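Asker: Structure for this input, please:
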Amino acid sequence: MDETSGLAGYRNDFPGLLFDTPATHVLRVTINNPGRLNALDHALHRQVERIWQAIDSDPAVRCSIITGAGRAFCAGGATDAMGAETDTLAGDWMARDFGSALGLVDALIDAKKPIVSAINGVAVGAGLAIALLADVPIAAAEAKLFDGHPRVGVVAGDHAALIWPLLCGIAKSKYFLLTNEPMTGEQAERNNLVALAVPSEQLAAKAVEVAARIAAGAPTAIRMTKYVLNHWLRQQRPIFDLSAALEMICYGNGEAAEAIRALAEKRAGHFPREPFF
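Answerer: Numbers count the residues shown, from 1 in each chain. This is a model prediction of the structure:
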């Protein structure tokens, strides 16, 4: 992005995102696909992956906010495309998405400037990865958070194996990931998945308040503190790599295809075959 072009430069380079500056040195990024609950197709996924490097290169920004347009934060990947491509067992698609999953997580962890997530509604899969890998996740008390991967027949590979045990412990991680039971934002705060939960009408203001407070601090000390704390996540990178690779393997078997069809048809999945693993 051209560093002198301001918001217009962001809008030109990232057409699937909206941008505004609600406070000094704070950039708010809004995922803008409200008709699909801000689900990420490949192009939008790539934009969310790349935006943090652009923000790091912008001297006008010291802290950013990520949120979603309309009533959702981000419903993850577009399952209609998944279903079509899973049926073809497309190895190139799986390799591409493996790289995309790693790229998004790495981009969030390695971003130099702090990120506040304002989780305004449903956050699923890759959308939940964005929400929880932000440095300060703030949820609307009524928001709906769940990983969603086993629901479509694949391993929880976007972020959960990496960060959930660190945030809420192994027992809670296993319960919520294996059952796919959703959490409200209020429950997510009680389970330490998010930093704060506030009433939905207060969410935007609270996110701006927190981001402005971070942006007003000593920027080098704040960025270095983030960098050091994220070493906890970097140390667990082999666990994340394995989970993402196994997610791609699962997309290549019939269970995922059946789970995705069942979800689209609003019925229970039928899995009579003996598991592979």
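
Asker: quick one: contacts for residue 239?
Answerer: 161, 162 (C-beta atoms under 8 Å, 6 or more residues apart in numbering). Where you see a C-beta, it was placed from the backbone N, CA and C, and this is true even at glycine.

Asker: residues of the helix or strand hosting it that come out buried?
Answerer: For residue 239, the host element (DSSP states H and E) is helix 237-251. Neighbour-count burial for helix 237-251 flags 240, 241, 243, 244, 245, 246, 247, 248, 249, 250, 251 (criterion: 16 or more other C-beta atoms under 10 Å).

Asker: Same question for stretch 12-32.
Answerer: So for stretch 12-32, counting by 16+ other C-beta under 10 Å, buried means 14, 16-19, 23, 25-32.

Asker: Same check on stretch 41-61?
Answerer: 44-52, 54-55, 58, 61.

Asker: can I get these in CSV with secondary structure and distance to residue 175?
Answerer: Shown next, in CSV, are those (DSSP: H, G, I helix; E, B strand; the rest coil; distance: C-beta to C-beta, whole Å):
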residue, secondary structure, distance to residue 175
44, helix, 31
45, helix, 28
46, helix, 33
47, helix, 34
48, helix, 29
49, helix, 30
50, helix, 35
51, helix, 33
52, helix, 31
54, helix, 38
55, helix, 35
58, coil, 41
61, coil, 38
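
Asker: closest to residue 261 among those?
Answerer: residue 45 (22.5 Å; C-beta to C-beta).

Asker: Could I get the contacting residues of the closest one?
Answerer: Contacts of residue 45 by C-beta under 8 Å, 6+ apart are 77, 100, 104, 126.

Asker: can you give me the helices in this structure?
Answerer: Remark: helices assigned in the chain by DSSP state H are 6-13, 42-56, 79-87, 91-110, 126-133, 160-168, 170-179, 185-190, 200-215, 219-229, 231-235, 237-251, 254-264.

Asker: picking that back up, most widely separated two among the buried residues of helix 237-251?
Answerer: The widest separation within the buried residues of helix 237-251 (C-beta to C-beta) is 17.1 Å, between 240 and 251.

Asker: nearest to residue 227, of the buried residues of helix 237-251?
Answerer: Of all these, residue 240 has the smallest distance to residue 227: 18.0 Å, by C-beta to C-beta.

Asker: quick one: contacts for that closest one?
Answerer: Listed by C-beta under 8 Å, 6+ apart, the contact partners of residue 240 are 102, 105, 157, 159, 161, 162.

Asker: Neighbour-wise, which one of these leads?
Answerer: Among these, the one with the most neighbours (other C-beta atoms under 10 Å) is residue 157, at 30 neighbours.

Asker: Ramachandran angles for that residue?
Answerer: With angles defined as degrees, to the nearest 10, residue 157 sits at phi -110, psi 0.

Asker: one step back: nearest approach to residue 150 belongs to which of the helices of the chain?
Answerer: Across those, closest to residue 150 is helix 170-179 (C-beta to C-beta), at 6.9 Å.

Asker: what pLDDT, on average, does that closest one get?
Answerer: Computed over helix 170-179, the mean pLDDT rounds to 96.

Asker: what's that helix in contact with?
Answerer: So helix 170-179 is in contact with 146, 147, 149, 150, 156, 160, 164, 165, 168, 181, 183, 191, going by C-beta under 8 Å, 6+ apart.

Asker: Who wins on neighbours among those residues?
Answerer: That'd be residue 147 among the contacts of helix 170-179, by other C-beta under 10 Å, with 27 neighbours.

Asker: That residue contacts residue 162, doesn't it?
Answerer: No - Residue 147 is not in contact with residue 162 according to C-beta atoms under 8 Å; the separation is 11.7 Å.
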